[in-house]
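>>> sequence-free structure coming up:
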């Protein structure tokens, strides 16, 4: 099922044509120009409208910077970069997303928080940076996954793999500092 069904503005005939093009991923439509979309669907007039809707579907880019605090917890700074055209008719004034940090198997949610993206931030090209603390287990896992899921839009999900391959943790038992005899002044 194509995510374009959620807009409620395209005819059923057009939506079925899009869904028949299974070999083309959603990303493929995003990278096509209106003329190419029209040719693909053999319906030139609708190419521009579909192109516009594809670029109004919520899309973000995620970047993460991970910093160890102790051997058992890390600080994650997550940058969220909106990459879509905001339309108040479809998006309202804010969009809510769930941010999940999952373990390597995806079995356990290590962190969850809500993130609200506002119209003015998207229109002004403002990127957001969120910082949060996540626990680490021993032995060090190879990766954690950061997942951003829309609260409203189906198939609006973004995944970022955070690798610990070259991650350096603090010493297990740091050496104690030596006490010096000082004379009071």
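Thanks, I have it. Keep in mind that this is a model prediction, so the values were computed, not measured.
>>> next, the buried residues of stretch 4-12.
Within stretch 4-12, the residues that count as buried by 16 or more other Cβ atoms under 10 Å are 4, 6-7, 10. Any C-beta I mention is one placed from the backbone N, CA and C, and that applies to glycine too.
>>> could you tell me which of those belong to helices?
Taking DSSP state H, every one of those sits outside helices.
>>> save the residues you listed as JSON lines, and put in pLDDT and distance to residue 16 too.
Below are these laid out as JSON lines (pLDDT from 0 to 100; distance: Cβ to Cβ, whole Å):
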{"residue": "4", "pLDDT": "87", "distance to residue 16": "11"}
{"residue": "6", "pLDDT": "92", "distance to residue 16": "16"}
{"residue": "7", "pLDDT": "91", "distance to residue 16": "15"}
{"residue": "10", "pLDDT": "89", "distance to residue 16": "10"}
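>>> biggest separation within these, which pair?
Spatially, the most separated pair among these is 6 and 10, at 10.3 Å (Cβ to Cβ).
>>> residue 136: which of the buried residues of stretch 4-12 is nearest?
residue 6 (37.7 Å).
>>> isn't the closest one up against residue 58?
No: counting by Cβ atoms under 8 Å, residue 58 is not a contact partner of residue 6; they are 10.3 Å apart.
>>> so what sits against both of the two?
residue 153 (Cβ atoms under 8 Å, 6 or more residues apart in numbering).
>>> shaky segments in this protein?
Where the chain drops to pLDDT under 70, the residues are 22-23, 174.
>>> which residue ranges of it form strands?
Taking DSSP state E as the criterion, the chain carries its strands at 60-68, 73-82, 94-102, 109-118, 128-135, 143-150, 157-163.
>>> turn the ones you listed into TSV, columns for distance to residue 29.
Output for the strands of the chain, formatted as TSV (distance: least, Cβ to Cβ, whole Å):
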stretch	distance to residue 29
strand 60-68	17
strand 73-82	19
strand 94-102	20
strand 109-118	22
strand 128-135	26
strand 143-150	18
strand 157-163	16
